[in-house]
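Peer 1: got a predicted model here, sequence first, then my questions.
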Amino acid sequence: MPKFYLNVINTVDASDKEAFDLASLEEAKIQAIAGARDLISDNIRAGLPVYESYRIEITDDNGVFLHTVRFGDIIDLRP
C-alpha cells in the first residue's frame, strides 16, 4: 500500500514524520481535507486566526510533491 505524508504549512511548517498507508492519492486528499478541517476548528476554538495561505502538502514516500489542500479552498465563508 502506498505511503503518503501530510505536511502542514502554517505559521510553523510541520513535516509529517509518520506516513499514512492509503490506497490512493484520492484517499490522501480526503485525509488531508479532514485534517485541515480539524486544524481550522482548533484555531477557531482557541480564538486564533486561520489564513487562506495555510495548507497541507501531500508528498509520497520519496518526498515527491503530489497535491496541495489549501485551507481557504475548503471553507465556505459567506457575507
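Peer 2: Cool, got the structure. Computed from a prediction, not measured in an experiment: that's the story for all the values here. Numbering: from 1, shown residues only.
Peer 1: make it CA atoms for all contacts and neighbour counts henceforth
Peer 2: Noted.
Peer 1: which secondary structure elements does the helix or strand hosting Phe4 contact?
Peer 2: Secondary structure assignment for Phe4, by DSSP states H and E: strand 3-9. Contacts defined by 3 or more CA pairs under 8 Å, 6 or more residues apart in numbering; DSSP states H and E place strand 3-9 against strand 20-21, helix 25-46, strand 55-60.
Peer 1: ok, which of those comes nearest Pro79?
Peer 2: When those are compared by CA to CA, helix 25-46 sits nearest Pro79, at 17.9 Å.
Peer 1: just name the shakiest helix or strand of the chain by mean pLDDT.
Peer 2: Least confident helix or strand of the chain, by mean pLDDT, DSSP states H and E, is strand 20-21 with a mean of 90.
Peer 1: which residues touch it?
Peer 2: Residues outside strand 20-21 that contact it (CA atoms under 8 Å, 6 or more residues apart in numbering): Met1, Pro2, Lys3, Phe4, Tyr5, Ala28.
Peer 1: what's the burial count for Phe20?
Peer 2: 18 (other CA atoms under 10 Å).
Peer 1: for it, name its beta-bridge partners.
Peer 2: Going by DSSP bridges, Phe20 is paired in beta bridges with Phe4.
Peer 1: in contact with Ala14, which residues?
Peer 2: Applying CA under 8 Å, 6+ apart, the residues near Ala14 are Asn7, Val8.
Peer 1: give me the pLDDT value at it.
Peer 2: For Ala14, the model assigns a pLDDT of 70.
Peer 1: bridging residues for it?
Peer 2: The partner list for Ala14 in beta bridges (DSSP bridges) reads Val8.
Peer 1: OK, contacts around the residue lying closest to Lys17 once chain neighbours are set aside?
Peer 2: Spatial nearest neighbour of Lys17, chain neighbours left out: Tyr5 (7.7 Å); criterion: CA to CA, 6 or more residues apart in numbering. Residues near Tyr5 by CA under 8 Å, 6+ apart: Ser15, Asp16, Lys17, Glu18, Ala19, Phe20, Glu57, Ile58, Thr59, Asp60, Asp61.
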